[in-house]
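*Asks:* sequence and predicted structure, then a few things I'm wondering about:
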Amino acid sequence: MTLQRCTDPAQAAAWCRAREGTLGFVPTMGALHEGHLSLVRRAAAENDHVVVSIFVNPLQFGEVRDLENYPRDFEGDCDLLETAGASMAFTGTLEQFFPGELVEGDLPREQRVDPGEAALGLEGEFRPGHFEGVATIVQRLFTLVQPTRAYFGAKDYQQTLVVRTLAERMGFPEVVVCPISRETSGLARSSRNTLLTPEDREQALYLSQALFAARERWRAGIRSAAALEQHLRDALASSTLEVEYAVVRDPERWSHVPGRESLERAVALIAARAGAVRLIDNLELHGPPSDALEDLPFGAGL
Ligand code: AMP
């Protein structure tokens, strides 16, 4: 299928309105990799049309350097999307997404969308304003595209909670959360991985190794967040990573910080800097594995 390429969000919205049938939507910031493409393929399997947005949203970046360094390649991304079964890809400028709403090139605070309680703590704490920026652009994208279903990766775990809240508030779309795509080393795929030096990349492996080690502890019967978090810290201790958080949460009680009580469900989450690159990763410790890492060499031994 030939991919429709669009550099004007208003035109993209008109294209979407002219479609009949179900529309799957995958919002991205581009520099696409296999993780993004797994979302696109899933959307293509479940919908008549698949729309992908590619926009490095300045509203969700705290650090100017991070925004400037973020990799960008619209044409290369479109070539990949064509092979993955997308129907249309669009991009635009901040001004085009918020026409007539910017003041001195920025969207005033009072016009930004409240991301709700799920935004409190963790990413919300270490990246102030980040989820406000995410909720604001995602609400605008949903309004433009009017998707039947929207696809998000579990890689950005807290973001999926924020987006679910937003979709509930808007009354659409159905939010589909897809498993984390990993390299065979265990490293979660990320656009930022291209910025890692070989040494950073080696250090980055500690994130997934610590998470899978915690899941082994869970499988061995350990149910207290405090004990599991200690295992995370131990597994990260010999790295040179600058750890921002390494925590265990009950996904059903996100705003509660668990201690020694026995958990029925748990997700372990880590954010850390490898050199100049900030990385996040997470793993559900309970239930069936949420990603296909069972065959990797590490896990039980860590
Ligand atoms: P981004 O371009 O980083 O904003 O990501 C766009 C979407 O792709 C988000 O829903 C991410 O959670 C998802 N995504 C990014 N990396 C991965 C991955 N390794 N596995 C699955 N989904 C991912």
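*Replies:* It's in.

*Asks:* need phi/psi at Ile280.
*Replies:* phi -130, psi 150 (degrees, to the nearest 10).

*Asks:* just give the closest residue to it, not the sequence neighbours.
*Replies:* Leaving aside its chain neighbours, Ile280 sits nearest to Ala271 (4.7 Å; criterion: C-beta to C-beta, 6 or more residues apart in numbering). Using the backbone N, CA and C atoms, a C-beta is placed for each residue, glycine as well.

*Asks:* can you tell me which residues contact the residue in the chain positioned nearest to the ligand?
*Replies:* The nearest approach of the chain to the ligand comes at Gly153, 2.1 Å away (C-beta to the nearest ligand atom). Gly153 is in contact with 35-36, 39, 160, 177-181, counting by C-beta atoms under 8 Å, 6 or more residues apart in numbering.

*Asks:* can I assume the residue nearest to Ile280 sits in a helix?
*Replies:* No - with DSSP: H, G, I helix; E, B strand; the rest coil as the criterion, Ala271 is located in strand rather than a helix.

*Asks:* begin at 14 from here
*Replies:* From this message on, residue numbering opens at 14, which makes the last subject Ala284.

*Asks:* distance of it relative to Phe139?
*Replies:* Separation of Ala284 from Phe139 (C-beta to C-beta, to the nearest Å): 6 Å.

*Asks:* so the two - more neighbours on which side?
*Replies:* Ala284 (23 against 14; other C-beta atoms under 10 Å).

*Asks:* tell me the bridge partners for that one.
*Replies:* Tyr258, Ile293 (DSSP bridges).

*Asks:* who touches it in this structure?
*Replies:* 135-136, 139, 256-258, 291-293.

*Asks:* redo that, cut-off 10 Å
*Replies:* 135-136, 138-140, 171, 220, 254-260, 291-295 (C-beta atoms under 10 Å, 6 or more residues apart in numbering).

*Asks:* wait, Ser194 sits on Lys168?
*Replies:* Yes - the pair Ser194 / Lys168 is scored as a contact, 7.8 Å apart, by C-beta atoms under 10 Å.

*Asks:* give me the subset of the contacts of Gly166 lying in strands.
*Replies:* 190-191 (DSSP state E).

*Asks:* would a markdown table of the contacts of Gly166 with neighbour count be doable?
*Replies:* Shown next, in a markdown table, are the contacts of Gly166 (neighbours: other C-beta atoms under 10 Å):
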| residue | neighbour count |
| --- | --- |
| Gly48 | 22 |
| His49 | 26 |
| Leu52 | 27 |
| Thr173 | 19 |
| Val190 | 19 |
| Cys191 | 22 |
| Pro192 | 18 |
| Ile193 | 24 |
| Ser194 | 20 |
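
*Asks:* from the contacts of Gly166, which are also near the ligand?
*Replies:* Counting by C-beta under 6 Å from any ligand atom, 48-49, 52, 191, 193-194 from those sit close to the ligand.

*Asks:* and the residues you listed, which two are furthest apart?
*Replies:* His49 and Ile193 (11.9 Å; C-beta to C-beta).

*Asks:* overlap in contacts of the two?
*Replies:* 166, 202.

*Asks:* and the lowest-mean-pLDDT helix or strand in the chain, how far from the chain's centre?
*Replies:* Taking mean pLDDT, DSSP states H and E as the measure, helix 77-82 is the helix or strand of the chain with the lowest mean score, a mean of 92. Relative to the centre of its chain, helix 77-82 is centred 18 Å away, using C-alpha atoms, centre = their mean, to the nearest Å.
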